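In: coords please:
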Amino acid sequence: MKRFVKSTVAVIGMAIMTTGAFAADWTPPGPIKLMIAFNAGGGADTQARLIAEELEAKLGWKFIPEQVTGKGGVNLLAALRNAPNDGTAIGMVVTESLGYNLAAANAGMTPADFTGLSTTAGFQMGIVSLSSKGWTSFADVVAASKGGESLRFGTMSPKLADLAYLLGEAQGIDLNIVSVKGGKAVMNGVNAGDLDLGFMAGIQAKGVASGDLVNLASALSGALEQTPDAPTMADLGVPYNADGYFVFAGPAGMPEDARTALAEAIGAVAGDETTKAGGMIKKAFGGASLIQGADLDRLLADSFTGAGELMRAASE
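Out: Below is the predicted model of the structure:
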């Protein structure tokens, strides 16, 4: 069972109190190359850089951020796999990178080739449309499709395209699946009327709050925080979901003291809403979700195994 640790006052306090202890136990033997699998200037890139900035200020560690984008994080993983495993090379990807994308790439890599350090935040992945369409639930989407309306469904990754296909199949409707680059492109397409609905991973929060957008369903295994009554993928007949997290990782074989120090340091900053990084995570993603150690190892292994099952189901 996955362990989800939301950032609370107790957790934040514990994380901050441990900073001095682990800093004394391990020090990086040189500057830490921080590979980032996201384009410069975006929310994920900003999160990674703010965490590095805070750790430099608190611990004196030196970070060298570097964009390594492409193939949904697989390009970064290929570079990270062969990097030194002494704690001087880490990367920020998403769990989908180490799961579906790694499995689909057939690049001869598995999560065992990496050392998971810590997640920072989860995705609030919803299926979203304009409220002006008059839809208030996914049942309205099904009714529109069965009434003859052609529906354009925006996705931003192959995994999400598979989920959209299985969703249409489970509901007995045809969805015109449109692949775009990133959740912002899905939201822009929906707002412009070029897409009727699509997956958005938290970027929809302001629009939902203002009443311009509506979460028709949760793409997660559980409820969305903003609209907890929206049905989940399981409720809609799909035994797969889009659960995912931002995650820091290093090469396989990282010494345990380095792994522990890096994981606790990242978690301390991500879970502390008084820091720029923690505040940004709270605002953009609803707060920190920290998974580390053996729990993270299991999550990454399960994501990789589950990816194969999802791909097989979507190909049948």
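In: Kindly provide the distance from His79 to Ser132.
Out: No His there; residue 79 is Ala. Plainly put, Ala79 is 44 Å away from Ser132 if you go by Cβ to Cβ, to the nearest Å. (Glycine included, C-beta is placed from N, CA and C.)
In: The two: which has the busier surroundings?
Out: Ala79 (17 against 11; other Cβ atoms under 10 Å).
In: where does that one fall, helix, sheet strand or coil?
Out: helix (DSSP: H, G, I helix; E, B strand; the rest coil).
In: Once you drop chain neighbours, what's closest to it?
Out: Excluding the flanking residues, the one nearest Ala79 by Cβ to Cβ, 6 or more residues apart in numbering is Val68, at 5.4 Å.
In: I'd say the one you found and Val74 touch.
Out: No. Using Cβ atoms under 8 Å, Val68 makes no contact with Val74, being 10.1 Å away.
In: what about the residue nearest to Ala79, distance to Thr119?
Out: Distance of Val68 to Thr119, computed by Cβ to Cβ: 19 Å.
In: So which of these two has more stuff around it?
Out: A direct count of neighbours by other Cβ under 10 Å for Val68 and Thr119 places Thr119 higher, at 28 against 20.
In: host element of that one?
Out: strand 114-122 (DSSP states H and E).
In: Quick one: mean pLDDT for that strand?
Out: Strand 114-122 comes out with an average pLDDT of 97.
In: Span of stretch 215-234 from start to end?
Out: End-to-end distance of stretch 215-234: 16 Å, with Cα to Cα, to the nearest Å as the criterion.
In: Report the buried residues of that stretch.
Out: 215-220, 224, 226-227, 230-233 (16 or more other Cβ atoms under 10 Å).
In: what residues are up against Ala263?
Out: Counting by Cβ atoms under 8 Å, 6 or more residues apart in numbering, Ala263 touches Leu117, Ser118, Phe248, Gln292, Gly293.
In: what bits of the stretch 1-150 of the chain have low per-residue confidence?
Out: For the stretch 1-150 of the chain, the stretches with pLDDT under 70 are 1-24.
In: ok, which stretches of it are helices?
Out: Assigned by DSSP state H, counting those that start in this stretch, the helices in the stretch 1-150 of the chain fall at 9-17, 19-25, 43-59, 74-81, 95-96, 102-105, 138-146.
In: hmm, who's touching the fourth one?
Out: Meaning helix 74-81. With Cβ under 8 Å, 6+ apart as the test, helix 74-81 has contacts from 35-37, 68-70, 89-91, 93, 97-98, 101-102, 105, 107, 109, 113-114, 249-252.
In: Derive a PyMOL selection command for the buried subset of those residues.
Out: To isolate the buried members of the contacts of helix 74-81 in PyMOL, using 16+ other Cβ under 10 Å:
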select buried, resi 35+36+37+68+89+90+91+93+97+98+101+102+105+107+109+113+114+249+250+251
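In: Looking at the contacts of helix 74-81, which are in strands?
Out: Within the contacts of helix 74-81, residues falling in strands by DSSP state E are Met35, Ile36, Ala89, Ile90, Gly91, Val93, Phe114, Ala249, Gly250, Pro251.
In: Make JSON lines from those residues and add distance to Leu195 to it.
Out: Compiled in JSON lines, these are given as follows (distance: Cβ to Cβ, whole Å):
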{"residue": "Met35", "distance to Leu195": "32"}
{"residue": "Ile36", "distance to Leu195": "28"}
{"residue": "Ala89", "distance to Leu195": "38"}
{"residue": "Ile90", "distance to Leu195": "36"}
{"residue": "Gly91", "distance to Leu195": "31"}
{"residue": "Val93", "distance to Leu195": "26"}
{"residue": "Phe114", "distance to Leu195": "34"}
{"residue": "Ala249", "distance to Leu195": "33"}
{"residue": "Gly250", "distance to Leu195": "38"}
{"residue": "Pro251", "distance to Leu195": "39"}
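In: residues in contact with Glu53?
Out: Counting by Cβ under 8 Å, 6+ apart, Glu53 makes contact with Phe63, Lys276, Ala277.
In: hmm, back to that, could you dump the contacts of Ala263 into a markdown table and include distance to Ser137?
Out: Output for these, formatted as a markdown table (distance: Cβ to Cβ, whole Å):
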| residue | distance to Ser137 |
| --- | --- |
| Leu117 | 39 |
| Ser118 | 36 |
| Phe248 | 37 |
| Gln292 | 37 |
| Gly293 | 39 |
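In: for this structure, what's the longest helix?
Out: Ranked by residue count under DSSP state H, the longest helix found in the chain is helix 293-315.
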